[in-house]
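K.L.:
Curious how this folds, go ahead:
(2 chains)
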Amino acid sequence: MNKILLGLLLGTVLGAVDGLSAWFTPAVRAQIVGIVVGSTIKGLIAGVAIGFFARKVQSLMLGILFGLAVGFVLAFIVAQMQHGYYLEIILPGSIVGIIVGYATQRYGQAPAAPATTR
Amino acid sequence: MKFLSDKAVDRLRQNASVPDLSGTRYQLLERVARGGMGVVYAALDEMLGRRVALKVLDVPVADGDLARRLNREARVLARLEHPGIVPVHDVGTLSDGRVFYAMKFVEGQRLDKHVEAVTALPDRLRLFLRICDAVAFAHARGVMHRDLKPANVMVGAFGEVLVMDWGLAKILREPSGGGAEEDPEATILHTPEASSNADATEATQITGQGTVLGTPGYMSPEQARGDVAHLDERSDIFSLGALLRFLVTPAGNPKSNLRWRRDKTLDAICAKATASDPANRYASVSALSADVSRYLDGLPVSARKETVLEKAARFYRRYTVAILLIAAYLIVRTLILLFFHR
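P.N.:
Next comes the predicted model:
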């Protein structure tokens, strides 16, 4: 699977799962739909960005760091919008970024090199 | 009357055995090794200005059985153009009547010496896969080696792996689809383990018709029985299995500091390749190398059925980082739930 598609799928699925975990927090259970939709979109954006990065930069370590950075930044924005829950949103969001960064570098397929002619 | 000393006789014998390269494009440099049929010399190809290896027959008879055999070895090599097989450049007869052929001069180490420095199992397995590539190619061209062993594999200075010494090779079929060439190797060629050593090969014997011996420990049971007519590619698969066992068995090399333990899956691959009944071995070298590749990739192999626990362990080994990351995520989520939202 190519790196962008893998990033997109993984980011979306993990984002949705991350959002669903809010169900275990009684205080926000009523807003679960909004949280899941928002978290899925956040995961999708992070996944595509990380996938693009993985296609350009072939480095496991840089891929993981980029995933961490994207996950952190997006989760921070969401936490800002929520006016709270910083640790609860940023920590798992950053780990999801690391997972997507690792997976796109490790398991994503690099684009085939163009054929050269002389 | 004065007798010559043993030393003087030895020196005379050595001088007499030096091939006369006059009239050829080659200039003798040094003696490199001794094989079953002759001696391998390093020589300079004066026309192309490069070093070559010359395999020169011991006996100055251009039409004898050994000369025919050497010519045949050169022809076999010539049909095997592959990066893992030493290429032959030239074949001919010297002015002293000895038959020779020129091949690429391989600078490197024999596999058994080279692996002493290779302590990582995957590196050894990758070496093995490259040997398999060369042998599979030869089989596809209708040639079986019949004397595969660590001493007959060279590893070059840049990591290139070359299968050497095709003197015992058997032509199974002509590439054009013609019938198999009559097998002139229906002879005993007993090659001791260290046969490439100049001293050890003095023990090489060539005896009568009907029985074939290769190298004990590396030749298949059917080859050991001298069942020449029924030898096929699976005999080489047996030798490759024995070679794999040599590469992966830590006890096989007490001198080196190997970093792995015996592995049941690799043992199963070796056992399948070296089954005494050829029907129970891998059907082809490609099937054997595919199993080794699958092992390297952390995938199940055809040689062994795993238990559920072993499957789980292999899955964990293959996806360790991903599993740990997901576990970290779940732990963080659980901790947050436990400590922040009671």
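
K.L.:
Can you name every helix or strand that the longest helix seen in chain A contacts?
P.N.:
Taking DSSP state H as the criterion, chain A has its longest helix at helix A:32-56. In terms of contacts (3 or more CB pairs under 8 Å, 6 or more residues apart in numbering or on different chains; DSSP states H and E), helix A:32-56 is packed against helix A:3-20, helix A:60-82, helix A:86-107. For every residue, glycine as well, the C-beta is placed using N, CA and C.

K.L.:
Can you tell me which of the ones you listed is nearest to B:Thr24?
P.N.:
The closest of these to B:Thr24 is helix A:60-82. By CB to CB, the value is 55.5 Å.

K.L.:
now the angle from the closest one to helix A:32-56?
P.N.:
150 degrees (axes from the mean of the first three to the mean of the last three CA atoms, to 10 degrees).

K.L.:
Alpha carbons of helix A:60-82, as PDB, please.
P.N.:
Coordinates of the C-alpha atoms in helix A:60-82 are reproduced here as PDB (Å, rounded to 0.1, in the frame of the first residue of the first chain):
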ATOM      1  CA  LEU A  60      12.300   5.800  10.200                       C
ATOM      2  CA  MET A  61      13.500   8.200  12.900                       C
ATOM      3  CA  LEU A  62      12.500  11.400  11.100                       C
ATOM      4  CA  GLY A  63       9.100   9.800  10.200                       C
ATOM      5  CA  ILE A  64       8.400   9.000  13.900                       C
ATOM      6  CA  LEU A  65       9.500  12.500  14.900                       C
ATOM      7  CA  PHE A  66       7.300  14.100  12.200                       C
ATOM      8  CA  GLY A  67       4.400  12.000  13.300                       C
ATOM      9  CA  LEU A  68       4.900  13.000  16.900                       C
ATOM     10  CA  ALA A  69       5.100  16.700  15.900                       C
ATOM     11  CA  VAL A  70       1.900  16.600  13.700                       C
ATOM     12  CA  GLY A  71       0.000  14.500  16.300                       C
ATOM     13  CA  PHE A  72       1.100  17.000  19.100                       C
ATOM     14  CA  VAL A  73       0.200  20.100  17.100                       C
ATOM     15  CA  LEU A  74      -3.200  18.900  16.000                       C
ATOM     16  CA  ALA A  75      -4.100  17.600  19.400                       C
ATOM     17  CA  PHE A  76      -3.000  20.900  20.900                       C
ATOM     18  CA  ILE A  77      -5.200  22.800  18.600                       C
ATOM     19  CA  VAL A  78      -8.200  20.600  19.500                       C
ATOM     20  CA  ALA A  79      -7.400  21.000  23.200                       C
ATOM     21  CA  GLN A  80      -7.300  24.700  22.800                       C
ATOM     22  CA  MET A  81     -10.700  24.600  21.200                       C
ATOM     23  CA  GLN A  82     -12.000  22.500  24.100                       C
END
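
K.L.:
hmm, back to that, just how off-centre is the longest helix of chain A within its chain?
P.N.:
Distance of helix A:32-56 from the chain centroid (CA atoms, centre = their mean, to the nearest Å) equals 5 Å.

K.L.:
how far is the helix or strand hosting B:Asp236 from where the chain is centred?
P.N.:
Using DSSP states H and E, B:Asp236 maps to helix B:233-248. With CA atoms, centre = their mean as the basis, helix B:233-248 stands 9 Å off its chain's centre.

K.L.:
and that helix, what other elements does it pack with?
P.N.:
helix B:121-140, strand B:143-144, helix B:221-224, helix B:264-273, helix B:285-296.

K.L.:
returning to what we had before: need the winner for burial among the helices and strands packed on helix A:32-56.
P.N.:
helix A:86-107 (a mean of 24; mean count of other CB atoms under 10 Å in any protein chain shown).

K.L.:
quick check, that one touching chain B?
P.N.:
Yes - part of helix A:86-107 sits near chain B under the criterion CB under 8 Å from any CB of the partner chain, namely A:87-88, A:91-92, A:95-96, A:98-99, A:102-103, A:106.

K.L.:
re the thing from before, go through the helices and strands packed on helix B:233-248 and pick out the most buried.
P.N.:
strand B:143-144 (a mean of 24).

K.L.:
Can you tell me what sits against it?
P.N.:
B:76, B:79-80, B:138, B:166, B:169-172, B:231-233, B:235-236 (CB atoms under 8 Å, 6 or more residues apart in numbering or on different chains).

K.L.:
Any of the residues you listed buried? List them.
P.N.:
The neighbour-count test (16 or more other CB atoms under 10 Å in any protein chain shown) applied to the contacts of strand B:143-144 identifies B:76, B:80, B:138, B:166, B:169-172, B:231, B:233, B:235-236 as buried.

K.L.:
Dump those residues to CSV, plus distance to B:Ser5.
P.N.:
Listed next are the buried ones among the contacts of strand B:143-144 as CSV, based on distance: CB to CB, whole Å:
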residue, distance to B:Ser5
B:Val76, 43
B:Leu80, 46
B:Ala138, 47
B:Trp166, 40
B:Ala169, 42
B:Lys170, 45
B:Ile171, 47
B:Leu172, 51
B:Leu231, 47
B:Glu233, 52
B:Ser235, 47
B:Asp236, 47
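
K.L.:
any chance of these in CSV, plus pLDDT?
P.N.:
Shown next, in CSV, are the buried ones among the contacts of strand B:143-144 (pLDDT from 0 to 100):
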residue, pLDDT
B:Val76, 84
B:Leu80, 89
B:Ala138, 94
B:Trp166, 85
B:Ala169, 83
B:Lys170, 82
B:Ile171, 81
B:Leu172, 80
B:Leu231, 84
B:Glu233, 90
B:Ser235, 93
B:Asp236, 94
